[in-house]
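[1] sequence and predicted structure are below.
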Amino acid sequence: MRISSTYQWAGISPSHQEAYSKPLYRLQPQGGHTSEVREATTLLSVKRSPYQKSIKTKRQRTITQMREKGKNPEKQLSDEEILSMQEKDFRLLMLKMMQDIGNKLEAKMDNLQETLSKEIQDIKLKQEEIPNTLTEIKNSLEATNSRIQEVEEQISEVEDRLVEITEAKQKREKRLKTNEESLRELWDNVKRSNVHIIGVAEGEKREKKTEKIFQEIIAENFPHMGKEPLTQTQEAQRVPYKINPRRNTPRHILIKLTKIKDKEKILKAAREKKQVTYKGTPIRLSADFSAETLQATREWHDILKVMKGKNLQPRLLYPARLSFRFEGEIKTFTDKQKLREFSNTKPALQQILKELL
């Protein structure tokens, strides 16, 4: 677009050239002359003054300045210089200014068009990249979903494996517990006819045999049994075999009877007598059990002591069950947890056992 070309004389029609050649001060606006136009008309219609030569010199200087302004457009003419110009010079100035404005507009339009073209080109490039980006995102999402599915499958397999391991562990623990109970019962059966004598001094062994000591204990405490051929001893010895110098208490005497019935009669008689002695020294007779059974029975000792004080008639049943009378009924428990659950429903029993459970 070339705006400046439309204002050159070569492109203007004769009618327009005639209009441009008329003096500007003769143009009258609708509605009559304004005061400013009348004043300008009066001034321009006056005959040339004696100072015509000086005015002409001013005009020539103005034209020269205008030409310099064309070379240096940043300098502007003053209002007095513009008023002192002739019509032709003024029109030329206006055409020059309009041409400069057109050139500037054209340059700005060109710059704007170039900028818009670049932006449009960038937008087109970005639009072309969008499908590729969307495809990459889609592929990435598909790969992520695939990995998530693989991880979920692996987690599921691990969970299944953990369930299998847990079940196998529970079965193994159950089997181990069953084996331990079977071993304990077997060992208890082996020791079922044994009697432990606790509290006999070590010096007695040097003077008498262990079996002789047992016979004296029976004769001293249960004289009616000594006359009966019941208490036949199969084996008698101190346990352990070696003396521990760090142990202050005497070793136990282990008596193995031929009949289980004889052991039960002796222990029953000892419970009824409540105090068994050997040469006036208190001793204790007890059944012989495996270490596991003894440990299980020891856990009930404190509870047994408290219940005896409250006259609940507690007893220990084989292998390690607690039995006692409460509210006219006999209750039996295999472990403390079950006893605790039962005591929570019985405030009176809970008060008795509150420091033991």
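    Noted; the coordinates are in hand.
[2] would you say Glu167 is within a helix?
    Yes - counting by DSSP: H, G, I helix; E, B strand; the rest coil, Glu167 is located in a helix.
[3] quick one: it from Lys174, how far?
    From Glu167 across to Lys174, the span is 10 Å (Cβ to Cβ, to the nearest Å). Heads up, the C-betas are built off the backbone N, CA and C, glycines and all.
[4] quick check, pLDDT for Glu114.
    Note on Glu114: pLDDT of 90.
[5] what do you get for Asp160?
    94.
[6] burial check on Ile197, number of neighbours?
    22 (other Cβ atoms under 10 Å).
[7] how about Asn194?
    The burial count for Asn194: 20, using other Cβ under 10 Å.
[8] Ala348 too?
    10.
[9] ramachandran angles for it?
    Dihedral angles of Ala348 (phi, psi; degrees, to the nearest 10) stand at phi -60, psi -50.
[10] low pLDDT regions in the stretch 101-250 of the chain?
    204-208, 226-231, 241-245 (pLDDT under 70).
[11] can you give me the helices in it?
    Assigned by DSSP state H, counting those that start in this stretch, the stretch 101-250 of the chain shows helices spanning 204-207, 210-221, 223-226.
[12] now render those helices as a markdown table, adding distance to Met98 and mean neighbour count.
    Output for the helices of the stretch 101-250 of the chain, formatted as a markdown table (distance: least, Cβ to Cβ, whole Å; neighbours: other Cβ atoms under 10 Å):
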| stretch | distance to Met98 | mean neighbour count |
| --- | --- | --- |
| helix 204-207 | 143 | 12 |
| helix 210-221 | 143 | 18 |
| helix 223-226 | 149 | 12 |
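[13] of all those helices, which lies closest to Phe324?
    helix 210-221 (28.0 Å; Cβ to Cβ).
[14] which residues are contacting the closest one?
    195, 197, 200, 204-205, 208, 225-226, 231, 233, 236-238, 253, 255, 266, 269-270, 273, 276-279, 283, 285 (Cβ atoms under 8 Å, 6 or more residues apart in numbering).
[15] what segments of this structure are strands?
    194-198, 233-239, 252-257, 276-278, 281-287, 315-317, 321-326, 329-333 (DSSP state E).
[16] in contact with Gln350, which residues?
    By Cβ under 8 Å, 6+ apart, the contact set of Gln350 is 343-344.
[17] one more pass at 6 Å, please.
    Ser343 (Cβ atoms under 6 Å, 6 or more residues apart in numbering).
[18] tell me the pLDDT at Arg298?
    Arg298 is given a pLDDT of 88.
[19] separation between it and Glu119?
    93 Å.
[20] domain boundaries for this protein, per the record?
    Annotated domains of the chain cover 4-107, 192-288, 290-357 [automatic domain parsing].
[21] roughly how far does the residue most central in space within the chain sit from Lys209?
    Nearest to the geometric centre of the chain sits Ile155, at 18.0 Å (Cα atoms, centre = their mean). For Ile155, the distance to Lys209 equals 72 Å [Cβ to Cβ].
[22] list the beta-bridge partners for Arg325.
    Ile330 (DSSP bridges).
[23] thought it was touching Gln313?
    Yes - if you go by Cβ atoms under 6 Å, Arg325 and Gln313 touch, sitting 4.7 Å apart.
[24] what about the closest residue to Arg192 other than its chain neighbours, how many neighbours?
    Using Cβ to Cβ, 6 or more residues apart in numbering and skipping residues adjacent in sequence, the residue nearest Arg192 is Ile260, 5.4 Å away. Using other Cβ under 10 Å, Ile260 is surrounded by 12 other residues.
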